[in-house]
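Trainee: Sequence first, then the predicted structure:
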Amino acid sequence: MLTNDQLTQWDRENFLHPSTHFGQHGRGESASRIVTTAEGVYIQDREGKRLLDAFAGLYCVNVGYGRKEIAEAIAAQAHELAYYHAYVGHGTEASITLAHMVAERAPAHMNRVYFGLGGSDANETNVKLVWYVNNVRGQPEKRKIISRWRGYHGSGLITGSLTGLTPFHAKFGLPMAEVVHTEAPYYFRRPDPAMSEAQFVAHCAAELEALIEREGADTIGAFIGEPLLGTGGIVPPPAGYWEAIQPILKKHDILLIVDEVVTGFGRLGTMMGSTHYGLTPDIITIAKGLTSAYAPLSGSIVSDDLYKTLEEGTDKFGPFGHGWTYSAHPIGAAAGVANLKLVDSLGLVQNAGDTGAYLGQAMRAALKDHRFIGDIRGEGMLAAVELQRDPGARADFDPAEKVTARIVGEMAQRGVIARAMPQGEIIGFAPPLCLTRAEADIIVDVTREAIDAVTGQM
């Protein structure tokens, strides 16, 4: 029984939800969930239904729900100093401490951090940094940013353009002209099934070279990529991919932005995804795992070389003309400090690697012989199951069948939250990094049950 019908009415009449079918929601034709409490890897809604959150909110509640240490840090900061800005050299103990903690965890050549609020605004900042740096270096024409199809980098104007998923472009007039896209490193969807991984990597590298040749290297400022594709399907790169891509960028004087909004702070079983894949970024984007979403905060970590150019620019042209009112917000920063301490003290990076590997192995063991499973993949505490009508023939389901959406719905009925990923029949998993093996077993069992329930009559 509903405990607050008025709240449901207000939800339908007043609240515009992101990534939602407004008409269906407003008319009450689609399901909604009002979450009231959470603890560990579980959330609970106002009906009293308890669900294992196998997607950690939106890949973000890394330390798990209900961590009093973070709540107390937020409260203490709010009582002491709820807000002060970071403009013209102002700072707080929390923001300065967190910047130092982030730099300690970043690659050794990256020691300066600019804080924002979310991954989208961080990538907006990153593009402006690229444009500013190239202007200071006397290369103002180097404005284009290469992104990849199926990459996800935000929902703003430039960041929505960087995102390589059509729902984020359709009817918005995106992508903007400054953004061009290249091949996604998605081996399962390779254009020729006969390709080996090495051949597909060579194909991706050749496509990038061809794009640079068409556009002109002197017009391209940066390349942006997630260490592994996140919202585009949770797709680890094929072996040797980054080793092939980075030299091309260096040869053409193209900066590398590594978007670690999902992978930063432990999710791959390493502190940073850049370390995991041997990347040497000029800029790293951070957000979600920075505070485990206990408070909004994002960041742009810049390399020492890039910082020298930024410093030179302000010496020549005056203060850097960019900022957000809530940059380095002290409450978000306090949450970040407490969160990163927990990541360390609870051994969550190690657990993400160990329990994440167990989750992947168990998922493969449970589903490898299922007739509709095309691919089972993942890395660290990230996993995905991709379904096809006929995997042997590489034949997909008709999108109108909404197979994955129905499976995810069945999973929720059985007490587990997973995500139906866009542009494909892909079930995504990104549990909190504190997941146990027993909880991983629950995820796997419910996934198999839900797939069987939906596909049993097909």
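Mentor: Ah, there it is.
Trainee: who's in contact with S155?
Mentor: For S155, the contacting residues are P18, S120, T163, F168, by C-beta atoms under 8 Å, 6 or more residues apart in numbering. Using the backbone N, CA and C atoms, a C-beta is placed for each residue, glycine as well.
Trainee: Counting by contacts, list what whichever strand or helix holds E124 packs against.
Mentor: Using DSSP states H and E, E124 falls within helix 119-136. If contacts are counted by 3 or more C-beta pairs under 8 Å, 6 or more residues apart in numbering; DSSP states H and E, helix 119-136 sits against strand 110-116, helix 157-162, strand 220-225, strand 255-259, strand 283-286, strand 298-303, helix 304-317.
Trainee: returning to that earlier point: what two of the contacts of S155 have the greatest distance between them?
Mentor: Spanning the widest gap among the contacts of S155 are P18 and T163, at 13.8 Å by C-beta to C-beta.
Trainee: Who has more neighbours out of the two?
Mentor: A direct count of neighbours by other C-beta atoms under 10 Å for P18 and T163 places T163 higher, at 30 against 6.
Trainee: My guess is that one contacts R150. True?
Mentor: No: applying C-beta atoms under 8 Å, one finds T163 not in contact with R150, separated by 9.0 Å.
Trainee: Contact partners for the spatially closest residue to K288 that is not a sequence neighbour?
Mentor: Excluding the flanking residues, the one nearest K288 by C-beta to C-beta, 6 or more residues apart in numbering is C60, at 3.6 Å. Counting by C-beta under 8 Å, 6+ apart, C60 touches A287, K288, G289, S292, A293.
Trainee: What number of residues are in the vicinity of the first one?
Mentor: Pointing back at A287 there. By the measure other C-beta under 10 Å, the count of residues near A287 is 29.
Trainee: For it, list the residues it contacts.
Mentor: C60, G118, G119, A122, V261, G264, L297, S298, G299.
Trainee: Give me the distance between the fourth one and S292.
Mentor: Here A122 is placed at a distance of 16 Å from S292 (C-beta to C-beta, to the nearest Å).
Trainee: Give the bridge partners for I224, please.
Mentor: Here I224 shows beta-bridge partners I257, assigned using DSSP bridges.
Trainee: swap that for A383, please
Mentor: A383 forms beta bridges with G378, F429, as assigned by DSSP bridges.
Trainee: rewinding a little: and the contacts of S155, which is closest to H109?
Mentor: Closest to H109, out of all of the contacts of S155 and judged by C-beta to C-beta, is S120, at 25.7 Å.
Trainee: and the closest residue to that closest one other than its chain neighbours, which of the three is it?
Mentor: If the residues on either side of it in the chain are set aside, S120 comes closest to G154, at 3.2 Å by C-beta to C-beta, 6+ apart. Per DSSP: H, G, I helix; E, B strand; the rest coil, the secondary structure class of G154 is coil.
Trainee: OK, contacts around G154?
Mentor: G118, G119, S120, D121, N123, E124, G160, L162, T163.
Trainee: Of those, which is the most crowded?
Mentor: The most crowded member of the contacts of G154, judged by other C-beta under 10 Å, is L162 (32 neighbours).
Trainee: gap between stretch 352-365 and the chain center?
Mentor: From the chain centre to the centre of stretch 352-365 is a distance of 20 Å (C-alpha atoms, centre = their mean, to the nearest Å).
Trainee: ok, and what's touching that stretch?
Mentor: With contact meaning C-beta under 8 Å, 6+ apart, stretch 352-365 is reached by 266-270, 376-383, 385, 429, 431, 433, 435-437, 440-441, 443-444, 447.
Trainee: For these, which PyMOL command selects only the ones that are buried?
Mentor: Buried subset of the contacts of stretch 352-365, written as a PyMOL selection, criterion 16 or more other C-beta atoms under 10 Å:
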select buried, resi 266+267+268+269+270+376+377+378+379+380+381+382+383+385+429+431+433+435+440+443+444+447
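Trainee: In strands, which of the contacts of stretch 352-365 fall?
Mentor: I376, R377, G378, A383, V385, F429 (DSSP state E).
Trainee: Just name the most buried of the helices and strands packed on helix 119-136.
Mentor: Most buried of these, by mean neighbour count (mean count of other C-beta atoms under 10 Å): strand 283-286, with a mean of 28.
Trainee: Nearest to E410, out of the contacts of S155: which one, please.
Mentor: E410 lies nearest to P18 out of the contacts of S155, by C-beta to C-beta, at 24.0 Å.
Trainee: contacting residues for the closest one?
Mentor: P18 neighbours (C-beta under 8 Å, 6+ apart): S155.
Trainee: what about 10 Å?
Mentor: By C-beta atoms under 10 Å, 6 or more residues apart in numbering, P18 lies in contact with L58, S155.
Trainee: And it, how far from I301?
Mentor: Relative to I301, P18 is positioned 26 Å away (C-beta to C-beta).
Trainee: Please apply the same query to E47.
Mentor: Taking C-beta to C-beta, one finds E47 at 42 Å from I301.
Trainee: Tell me how many other residues surround R50.
Mentor: By the criterion of other C-beta under 10 Å, R50 has 12 neighbours.
Trainee: Leaving out the residues flanking it, which one is nearest to the spatially most central residue of the chain?
Mentor: With distances taken as C-alpha atoms, centre = their mean, the residue of the chain nearest its centroid is V262 (3.4 Å). Counting by C-beta to C-beta, 6+ apart, V262 lies nearest to G230, which is 4.3 Å off, once chain neighbours are set aside.
Trainee: was I right about that neighbour contacting G264?
Mentor: No: using C-beta atoms under 10 Å as the test, G230 is too far from G264 to be in contact (11.4 Å).
Trainee: what about these two, which has more around it?
Mentor: Neighbours were counted for G230 and for G264 using other C-beta under 10 Å; G264 has more, 29 against 26.
Trainee: Give me the phi and psi for that one.
Mentor: Torsion angles at G264 (phi, psi; degrees, to the nearest 10) stand at phi -70, psi 140.
Trainee: List the beta-bridge partners for the closest residue to it other than its chain neighbours.
Mentor: With sequence-adjacent residues excluded and distances taken as C-beta to C-beta, 6+ apart, G264 is closest to I286, at 4.6 Å. Beta bridges link I286 to G299, judged by DSSP bridges.
Trainee: ok, I286 - contacts?
Mentor: Counting by C-beta under 10 Å, 6+ apart, I286 has contacts 102, 105-106, 113, 115-116, 119, 122, 258-265, 272, 297-301, 336.
Trainee: rerun that using 7 Å as the cut-off
Mentor: By C-beta atoms under 7 Å, 6 or more residues apart in numbering, the contact set of I286 is V102, E260, V261, G264, S298, G299, I301.
Trainee: need those residues in CSV with distance to Q139 and pLDDT, can you?
Mentor: CSV is the format used below for those (distance: C-beta to C-beta, whole Å; pLDDT from 0 to 100):
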residue, distance to Q139, pLDDT
V102, 29, 98
E260, 26, 98
V261, 28, 98
G264, 29, 98
S298, 27, 98
G299, 26, 98
I301, 23, 98
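Trainee: which two in the residues you listed are spaced the farthest apart?
Mentor: Farthest apart among the contacts of I286 by C-beta to C-beta are V102 and V261. That separation is 13.5 Å.
Trainee: Name the residue in those two with the higher neighbour count.
Mentor: V261 (29 against 25).
Trainee: I'm done for today, thanks for sticking with me.
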